[in-house]
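1. Using only what follows, build the 3D model:
(2 chains)
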Amino acid sequence: MKVSYSWLKEYLPLEMSAGDLAERLPMIGFEVAGQTSRGPGFSGVVAAQILAIAKHPNADRLSLCMVDDGKRKFSVVCGAGNIAVGQKIPLAKIGALLPGGRQITRAKIRGVESEGMICSSEELGLGAQSNGGGILVMDPQTELGLDVSRSLGPVDEILDIEISPNRPDCLSHFGLARELAAYFRLPLIPLAAPELKTPQGSCLPVRVADAQACPRYLGRILTNLKIGPSPGWLALKLEAVGLRPINNLVDITNYILMDIGQPLHAFDLDLLAGTQIAVRFASEGETIKALDNKDYALTPSCLVIADAEKPVAVAGVMGGLESAVTVKTTRAFLESAYFDPIVVRKTSAALRLRSDSSYRFERGADIAMVETASERAAGLILKLCGKDAQASPPLNVGKERAETAPILVTTSRINEILGADFPDEAITSTLRSIDPGLEERAGKTLHFSPPSCRRDLATAWDLSEEIGRLLGYEHIPAKISSVALRPSRAAPGQTIAERCRQRLAALGLCEAYNYDFLSEKLLRMARPDDKNLARIANPLSEDWTTLRPTLLIGLLQNAAANLNRGTKSVRLFELGKTYRKTPSGLEERARAAAILLGPVAPPFWGPQKIRRNDFYDTKGVVLDLLAYIPGLALVPFKACDPLFHPGASLRLSTPKGVLGALGLLHPPIARAWGLERENASIFELDLDLLAELEPARFQFSPYSRHPSAARDLSVVVDKKIPYADVAAVLRGCAIAELKSLELVDLFEGRGVPKGKQSLTLRLTFGRLDRALTDVEVNAAVEKILAALKSELKAVLR
Amino acid sequence: MAKVTRNSWDGAYAKLESALKSAAPTDAKALAGLEKIRLRFLGRKGLLTELLKKLKDLSLEERRELGPKAQALRASLDEKIAARKAALEARADEAALAQTALDLTLPPFPRARGRLHPLTQTMQEMAKIFSLMGFSWADGPLVETEYYNFEALNIPAHHPARDLQDTFYLEDPGLVMRTHTSPVQIRVMESNRPPLRIICPGRVFRNEEVDATHSAVFHQVEGLVVDKNISFADLKGTLDQFLKRLFGPTTRTRFIPSYFPFTEPSAQVDVGCLFCAGSGCGVCKQSGWIEMLGAGVVNPNVFKAVNYDPQAWSGFAFGIGVERVAMLRLGVKDIRSFYENDIRFLNQFYESIV
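-> Down below sits the predicted model:
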């Protein structure tokens, strides 16, 4: 909310500068988003001297003045009575801009051309008139030609203050002054009672259909109005707080809003049908064209103000265009009401229409201000909207106050909540600054009745905050709690996630963080047939419509982007949530995924060259990560996930279900992301399942103190026979002395028949109790060779 | 074989002594030559070995006289050979070193640079500090119901406080992307009885335009303490300690009023600017303070939602923005850098930062 410091000071004798106030406001919970100085609201006005005064040929009450700004002379028509030759006066030259957007143009006044205007203090927005409508007479020492606006310097400071939703009472200058009065312990300057002429006529009847939606409604009729531009001071005040002046009547309602926080609305009475105002919910099919010139289809949850025929305003939100006050208006109906916050919020949400008025009503206006606001507005209207303007007596529907239960609290309870030791007197006097009627009863219980503007105060905690805030959080001690010796623990998923992260980083992968949102387009590229996608109803953009069903799409994007920026090696992993719709609702699962391509490390200068990452590197990463999981089986799979290469992918199976997959990137996907030359490999694991798996219990297993015997066997087998079958044959031989099997070479080419390959197996034999003899080792080797031959037709090379 | 006599033995001994003169171990120029000498005298058929063998054919008296003499010779020879061997090896090592001197300044064999994301590192450090203070870790879903994200946290439907958090709604009615980690408070309290001390690091979502300082996806570390007699003073003490651990023991903290529907009283916690030490700079916008986190005493309405008696139990809660802390500490100027996953960015932050 924009707050004019000079306006604020109308209600509070603040001695400090606006800048000092801006530094103090955060200490009671009001953040200041900005502060700007505001010069006078006019330009093109210079100091000039009256050289001669002549009578206007065609008008008795006008004069023709010859004025001089030090450079040239101007002939100006003037209507003021206090002019005299020799006076120095502010001259608004042709092109000058006055408060309220009024521009001075070359004009003939009663047949005589005027080259500008001699201004009053009020016309310059410099405050109320002291000399009864005359021109502003300047200091005789003033230099001719001086730019008046520049010479005045800043006349006001505007603070942009953030008011939290619980403090609608501070959404006005008077309201904020009231709050600051309590904090600074300064006397609040009360609202002056407006001067009202004897009321004339009577008001229209008002029927309120739902007293809960509109607990209070006050109407007043104003007649003999003359609608025109607002005086400078009013226009300037509105401009200062960011509102555009429209006409005197509308400006008065806006002024009251900013002054005391009560929204008002004025209708052109002659444009209302019938003789009764109704406050009711809209019927299906009703529409309204609002002041913003847009049409709105009303729903039965929208509260409206209606005439005999149709809705003429959206209650508490915005008036209708058709009944708006215009320059033609002579009779108006002025509404001041209290609408239920939820009703206004629902209405505003249904229509997607917000206003300064709905902003206040949905946070909670002050029901006690309804009458004050109407009276003050009427007082200003009688003053500013034509000298013959008349006001009717008010017509009041509903209750004048809301009942609030008193809060019963003790000073010790407040100190207990705060952990503070504020003296009783400090607490009671602070509470009394909010509720002057604070009573202390038996047992030191305080009876605090929240004022009608403070709907946020209902409990002992609320009052504790008031005490903490107004006396200062800095006076509450910082306490170190005594510690109970309870061991802390982490959720299982968090332990697993942390372990995976550490391990993958140690294996040379960098951790990525992608958004959880993906575009429909990317998803269609990767998963054309996915029917279980979860979608955002109000996405930020087309790129963010869908929740990711896999982490791999984000990683593919990252890999492509990194390659485009010239990076050669991409080793990225991510841990995050994936989402999918299931018949029983939306399923959210934690996963870990990675993409690896390019050299496994930066280049080396020596003879050992750095490898390019391939399927087997990635398989090694996954098996290292999962080395502690017993019963893990790697099963080739053909179809399932379109991201994985159907001929080069493994599914990771466990006794509790499929843990994930690893493999090469499917060529069409690689092409779609521009990675077709990279031989990229990927994996994705289900971390929620991983957290459920019982880790292996590692037990010491004894090893021999006697020498072992190693034999390298090169056997030639058909290429179609997978290595796992070879290993299975060796296991099948059940030779207890065979301690390990390593594949040390795989070769095809010279010396190996076509369609076959040579595997060099390193077999290590040993016994715990003694060394083996050559004869024993040879016998074991023979047994193995025989089995390989009979089962796989393998021959020794 | 000829019979061994005193004379023949003496003759052989003299021959050996003279042979030793022409082939002394100290004269050996190389390890191979030394080995030859050793074999000549001490090998299986070496001269001294033979001489020692022959002793057994002599009389007891002769053996008593000649045995020690031969043994002494053997000991001295052993010693000389060992000394010479050590000297020759040292000379060989020196020569080899001179031949193969390494350029120690050459780059090492490279290892792939794996790194934890800077936000992970930051969250882990915060979590570790709280762990040491006895906080347990809790977790919750990212897709939340409106009940957990709002209602249970004293943000009823149609309440303007909902405007404080621009929300992503799912197409499925009643579901939102959680706008804060606070719903985890509710989930933990629903399934546990007090006393409680938990934190929850995690991802949150706000439907707001992304720019250098705003991200629609970001991270928080949530905290909650519930016990008997917990007050605003405990909140101040705990967070003051935490911030001193995180930013250094001289860190100043400031607690100023704020508003959150789920805490009452509520506070914003600032730390003295880490860059200008409070004198005012661009980072703290000349205020000397940097806003760090939101906190407050648990609102009794929140306790009511989880069936805790607000008269018996009290607590405090807080939430810290992770990106903000990471940006301040690492000098990252644009929050989007954390989500672009440029390897040149990710590579920079070795775990030593935390």
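
2. Chain neighbours aside, what residue packs nearest to A:V752?
-> In this structure, A:V752 finds its nearest non-sequential neighbour in A:S758, 4.9 Å apart by C-beta to C-beta, 6 or more residues apart in numbering or on different chains. (C-beta placed from N, C-alpha, C; glycine too.)

3. mind checking how far that neighbour is from chain B?
-> A:S758 sits 30 Å away from chain B when distances are taken as C-beta to the nearest C-beta, to the nearest Å.

4. can you check A:H56 too?
-> Noted for A:H56: a distance of 57 Å to chain B, by C-beta to the nearest C-beta.

5. Pull the contacting residues for A:L675.
-> The contact partners of A:L675, taken as C-beta atoms under 8 Å, 6 or more residues apart in numbering or on different chains, are A:556, A:559-560, A:563, A:597, A:665.

6. Phi and psi next, for it.
-> Summarising the backbone geometry of A:L675 under the convention degrees, to the nearest 10, its torsions are phi -110, psi 20.

7. Could you report the distance from it to chain B?
-> If you measure A:L675 against chain B using C-beta to the nearest C-beta, the figure is 15 Å.

8. where exactly do the strands run in chain B?
-> In chain B, the segments counted as strands under DSSP state E are B:136-137, B:143-145, B:175-177, B:196-205, B:217-227, B:253-260, B:263-272, B:289-298, B:314-321.

9. Quick one: closest of the ones you listed to B:F345.
-> The closest of the strands of chain B to B:F345 is strand B:217-227. By C-beta to C-beta, the value is 16.7 Å.

10. Mind giving me the packing neighbours of that closest one?
-> Applying 3 or more C-beta pairs under 8 Å, 6 or more residues apart in numbering or on different chains; DSSP states H and E, one finds that strand B:217-227 makes contact with helix B:118-132, helix B:183-191, strand B:196-205, strand B:314-321, helix B:322-330.

11. so B:M123 touches B:P201, yeah?
-> Yes. Because the distance of 4.3 Å satisfies C-beta atoms under 8 Å, B:M123 is recorded as touching B:P201.

12. which neighbours do these two share?
-> When contacts are counted by C-beta under 8 Å, 6+ apart, B:M123 and B:P201 are jointly contacted by B:219, B:221, B:322.

13. and the residue nearest to the last one when sequence neighbours are not counted, how many residues sit next to it?
-> The shortest distance from B:V322 to any residue that is not its chain neighbour, by C-beta to C-beta, 6+ apart, is 3.8 Å, and that residue is B:H219. B:H219 is flanked by 23 other residues according to other C-beta atoms under 10 Å in any protein chain shown.

14. Now do the helices in the stretch 1-150 of chain B.
-> Per DSSP state H, counting those that start in this stretch, the stretch 1-150 of chain B carries helices over the ranges B:6-22, B:31-42, B:47-54, B:60-99, B:118-132, B:146-149.

15. Dump those helices into TSV; add distance to chain A, mean neighbour count and mean pLDDT as well.
-> Output for the helices of the stretch 1-150 of chain B, formatted as TSV (distance: least, C-beta to the nearest C-beta, whole Å; neighbours: other C-beta atoms under 10 Å in any protein chain shown; pLDDT from 0 to 100):
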stretch	distance to chain A	mean neighbour count	mean pLDDT
helix B:6-22	41	13	83
helix B:31-42	27	16	87
helix B:47-54	31	17	83
helix B:60-99	18	13	86
helix B:118-132	5	20	93
helix B:146-149	12	19	96
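
16. ok, which pair from the contacts of A:L675 is furthest apart?
-> Within the contacts of A:L675 (distances taken as C-beta to C-beta), the two that end up farthest apart are A:L563 and A:L665, at 13.0 Å.

17. Pull up the overlap in contacts between these two.
-> Residues touching both A:L563 and A:L665 comprise A:675, A:678, with contact defined as C-beta under 8 Å, 6+ apart.

18. Quick check, A:I595 in contact with A:E678.
-> No. The pair formed by A:I595 and A:E678 falls short of the contact definition of C-beta under 8 Å, at 9.5 Å.

19. between these two, who's got more neighbours?
-> Set side by side, A:I595 and A:E678 give different neighbour counts by other C-beta under 10 Å, the larger being at A:I595 (32 against 21).

20. Tabulate the shared contacts of B:M123 and B:P201 in TSV, adding columns for pLDDT.
-> Output for the shared contacts of B:M123 and B:P201, formatted as TSV (pLDDT from 0 to 100):
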residue	pLDDT
B:H219	97
B:V221	96
B:V322	96
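
21. Output those as TSV; include the columns distance to B:K3.
-> Formatted as TSV, the shared contacts of B:M123 and B:P201 follow (distance: C-beta to C-beta, whole Å):
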residue	distance to B:K3
B:H219	101
B:V221	100
B:V322	100
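
22. Tell me the one among those nearest to chain A.
-> Out of the shared contacts of B:M123 and B:P201, the one with the shortest distance to chain A is B:H219. That distance is 8.7 Å, counting by C-beta to the nearest C-beta.

23. so who does that closest one touch?
-> If you count contacts by C-beta under 8 Å, 6+ apart, B:H219 has them with B:119, B:123, B:201-204, B:321-323.

24. What count of nearby residues applies to the closest residue to chain B within the stretch 351-500 of chain A?
-> Evaluated by C-beta to the nearest C-beta, the stretch 351-500 of chain A has A:G419 as its residue closest to chain B, separated by 2.6 Å. Taking other C-beta under 10 Å as the neighbour definition, A:G419 ends up with a count of 23.

25. Quick check, it in contact with B:T238.
-> No. Counting by C-beta under 8 Å, A:G419 does not reach B:T238; the two are 11.4 Å apart.

26. which SSE is A:E588 in?
-> With elements delineated by DSSP states H and E, A:E588 resides in strand A:585-597, which encompasses its position.

27. just A:D688 next, same as before
-> In this assignment (DSSP H and E), A:D688 forms part of helix A:687-692.

28. Extract the C-alpha trace of that helix and format it as PDB.
-> Included here for helix A:687-692 are C-alpha records, laid out as PDB according to Å, rounded to 0.1, in the frame of the first residue of the first chain:
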ATOM      1  CA  LEU A 687      14.500 -45.400  -4.600                       C
ATOM      2  CA  ASP A 688      11.300 -46.200  -2.700                       C
ATOM      3  CA  LEU A 689      11.800 -49.800  -3.500                       C
ATOM      4  CA  LEU A 690      15.500 -49.700  -2.800                       C
ATOM      5  CA  ALA A 691      14.700 -48.300   0.700                       C
ATOM      6  CA  GLU A 692      12.500 -51.400   1.300                       C
END
